[in-house]
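Chemist: need coordinates for the following:
(2 chains)
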There are 2 protein chains.
Amino acid sequence: MILDISSASNPSVKRLKSLFDKKARRLEGLFLAEGLRVCTEALEAGRLPALLAVTHEAEAHPLGRALIAATLDARGQVMRVPPILMSRITGKDNAQGVAGAYPIPDTGLAGLDRSTAPLWVVGESIRDPGNIGTMLRTCDATGAGGLILLDQCADPFSVEAVRASMGALFSRRIAQASGPEFFAWARSGAGQIVGAALEGRTVDYRAHRFTAPSFLLMGNEQAGLPSPYAEQCDALVKLPMRGTADSLNVAIATAVLLYRALDQLETL
Amino acid sequence: MILDISSASNPSVKRLKSLFDKKARRLEGLFLAEGLRVCTEALEAGRLPALLAVTHEAEAHPLGRALIAATLDARGQVMRVPPILMSRITGKDNAQGVAGAYPIPDTGLAGLDRSTAPLWVVGESIRDPGNIGTMLRTCDATGAGGLILLDQCADPFSVEAVRASMGALFSRRIAQASGPEFFAWARSGAGQIVGAALEGRTVDYRAHRFTAPSFLLMGNEQAGLPSPYAEQCDALVKLPMRGTADSLNVAIATAVLLYRALDQLETL
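Modeler: Numbering: from 1, shown residues only, chains lettered A, B, ... in the order given. Next up, the predicted model:
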């Protein structure tokens, strides 16, 4: 059954809105994703919302109908809200017609099967949620398995990260660990750890030979890769810099390296 | 002479703050850039602020002193403000110690000399100022000459775009034009126009042979390249997509193509 809700003080509306806050996400074990396209991609990946808000317009769309049916089948709660309330929930003037609260998946490294993809991205203390979402989106495009977040990263389940991921959050694996945990786990199996760095024993990224699986280790936006981590890498690669500045946005550098690795692995 | 200012209602402080607003930027012919590093890069590029605010700490820094001296020499106004006022000006809790109001440069296509760089990026209706800034930053890293913005793009002189450019706004050329103006101008001289597209007569980006100068034409974040523009390109290139989604962030796609083109042009 679809509930009609028009009040901003309705507990379910408040619950959805609360997911902008990290503490509430942790407490509820839920995160917010918006948009019919994104929620349909979630459905295709077998992920369903515990709580789904739809506008009348989205309800009339064939994909909207499929999403609602699947959510109700799985005993999720579905509510019909006016567009103005959707704007309140999502904090957007021009809100999408669909917003869902999805269970936060297990992000333990232990459950990650490295053999499922030739490439994995590892981010160290990535602070900008937009970068995290964009890195996930690029993982999807290049067939990388997902993103392993080390140390003090922004929350990959924040609304901003989810938005930037454009649905890739549902198709890619996300893991969280400390640096030492990651290195111990990585060394317990096959794989090459390739760090992106500007200094030290770097080679031009075009000269490096990627093998599968490769873990591409990217450092923090300001500080880059910590030396103790760089030292544990099998190789350090560097992108040529032809301008006055000496760095790239971390999501940009990740993408150039992923496409290079993909190019090489495909032609092996 | 450096003026000591501690009041948020001071007209110069208000003037700096007003530059968050597009209308004020147009009226004043100024835009806001922050940070000692960025303002020093501006200085190295021969660009000086009409109005400069510094904290005590920044004033004590050798680069800060050089910046202040050059600004005063050029008859710019320099004011010393407490950190809390700098936070007010920049809207940031942890504000940088330097903020300057810089003259908006001429963005006409007529003054752009295409022969000064092997690569140029052209963006069509790019709506996100962060994407514009990131594209400029990547232009700098790859030695591309700059960014030509067509039709309804976000303001490249907005605070968000300037921040994302990390100083590249000062080292790269920015031009603004309509689509028809750009094509007429581009065809009046040498150069290859290469569009990024997902459909139509595309070739894999790795199969395309870039020549200098190349204009890399990137479409709007949602809609991609309009067909009439795609038809006028000398070639359309496509990035392989291995995942469930069918697109990349526009700044990401730009970077992968720029690095590929750079790789090829360097090894010609």
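Chemist: thinking A:Ala58 is in contact with A:Val98, fair?
Modeler: Yes - assessed by C-beta atoms under 8 Å, A:Ala58 is found in contact with A:Val98 at 4.9 Å. To be clear about C-beta, it is placed using only N, CA and C from the backbone, and glycine gets the same treatment.
Chemist: so which residues on chain A come close to chain B?
Modeler: By C-beta under 8 Å from any C-beta of the partner chain, the part of chain A that sits against chain B consists of A:41, A:44-45, A:130, A:134, A:137-143, A:164, A:166-168, A:171-172, A:206, A:239-245, A:247-249, A:251-252, A:255-256, A:259-260, A:262-263.
Chemist: among those residues, name the buried ones.
Modeler: A:41, A:130, A:134, A:137-143, A:164, A:166-168, A:171-172, A:239, A:242-243, A:245, A:247-249, A:251-252, A:255-256, A:259-260, A:262-263 (16 or more other C-beta atoms under 10 Å in any protein chain shown).
Chemist: quick one: the spatially closest residue to A:Phe182 that is not a sequence neighbour from chain B, how far?
Modeler: Take A:Phe182 and drop its neighbours on the chain: the residue closest to it by C-beta to C-beta, 6 or more residues apart in numbering or on different chains is A:Leu150, 5.4 Å away. In this view, A:Leu150 and chain B are 22 Å apart by C-beta to the nearest C-beta, to the nearest Å.
Chemist: do the same with A:Leu32
Modeler: With C-beta to the nearest C-beta as the criterion, A:Leu32 and chain B are 19 Å apart.
Chemist: check contacts around that residue.
Modeler: A:Leu16, A:Leu19, A:Phe20, A:Thr90, A:Ala99, A:Gly100, A:Ala101, A:Tyr102, A:Val159, A:Val162 (C-beta atoms under 8 Å, 6 or more residues apart in numbering or on different chains).
Chemist: and A:Leu150, by the same measure?
Modeler: A:Val122, A:Gly123, A:Glu124, A:Ser125, A:Gln176, A:Ala177, A:Ser178, A:Gly179, A:Phe182.
Chemist: if you set the cut-off to 6 Å instead, what comes out?
Modeler: Contacts for A:Leu150 (C-beta atoms under 6 Å, 6 or more residues apart in numbering or on different chains) come out as A:Glu124, A:Gly179, A:Phe182.
Chemist: same check, this time on A:Ser214
Modeler: Contacts of A:Ser214 by C-beta under 6 Å, 6+ apart are A:Leu119, A:Gln192, A:Val194.
Chemist: nearest residue to it other than its sequence neighbours?
Modeler: Closest to A:Ser214 by C-beta to C-beta, 6+ apart is A:Gln192, at 4.8 Å.
Chemist: now the one you found: how far from B:Leu109?
Modeler: Using C-beta to C-beta, to the nearest Å, A:Gln192 is found at 46 Å from B:Leu109.
Chemist: if we can go back for a sec, need the residues touching each of A:Ala58 and A:Val98.
Modeler: A:Leu36.
Chemist: so those two - more neighbours on which side?
Modeler: A:Val98 (28 against 25; other C-beta atoms under 10 Å in any protein chain shown).
Chemist: what about the helices in chain A?
Modeler: According to DSSP state H, chain A carries its helices in the segments A:11-18, A:22-28, A:36-44, A:56-60, A:62-73, A:83-90, A:129-142, A:159-165, A:168-171, A:179-187, A:227-231, A:250-266.
Chemist: quick one: average pLDDT of the first one?
Modeler: The pLDDT scores in helix A:11-18 average 96.
Chemist: and it, what's buried?
Modeler: A:Ser12, A:Val13, A:Arg15, A:Leu16, A:Lys17, A:Ser18.
Chemist: contacting residues for the fifth one?
Modeler: Yep, that's A:Lys17 we're talking about. Contacts for A:Lys17 (C-beta under 6 Å, 6+ apart) come out as A:Ile89.
Chemist: separation between it and A:Lys92?
Modeler: Using C-beta to C-beta, one obtains 12 Å as the distance from A:Lys17 to A:Lys92.
Chemist: same check, this time on the last one
Modeler: Counting by C-beta to C-beta, the separation of A:Ser18 from A:Lys92 is 17 Å.
Chemist: what do you get for the second one?
Modeler: Shown here: A:Val13 relative to A:Lys92, a distance of 15 Å by C-beta to C-beta.
Chemist: what of A:Gly189?
Modeler: For A:Gly189, the distance to A:Lys92 - C-beta to C-beta - is 43 Å.
Chemist: restricting to C-alpha, output stretch A:52-64 in PDB.
Modeler: Only the C-alpha atoms of stretch A:52-64 are listed here, as PDB (Å, rounded to 0.1, in the frame of the first residue of the first chain):
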ATOM      1  CA  LEU A  52      10.700   5.100  -0.800                       C
ATOM      2  CA  ALA A  53       9.200   8.500  -1.600                       C
ATOM      3  CA  VAL A  54       7.700   9.100  -5.000                       C
ATOM      4  CA  THR A  55       5.800  12.000  -6.600                       C
ATOM      5  CA  HIS A  56       2.600  11.400  -8.600                       C
ATOM      6  CA  GLU A  57       4.600  11.900 -11.800                       C
ATOM      7  CA  ALA A  58       7.200   9.300 -11.000                       C
ATOM      8  CA  GLU A  59       4.500   6.900  -9.900                       C
ATOM      9  CA  ALA A  60       3.000   7.100 -13.400                       C
ATOM     10  CA  HIS A  61       6.300   6.200 -15.100                       C
ATOM     11  CA  PRO A  62       6.700   2.500 -16.000                       C
ATOM     12  CA  LEU A  63      10.100   2.400 -14.200                       C
ATOM     13  CA  GLY A  64       8.500   4.100 -11.200                       C
END
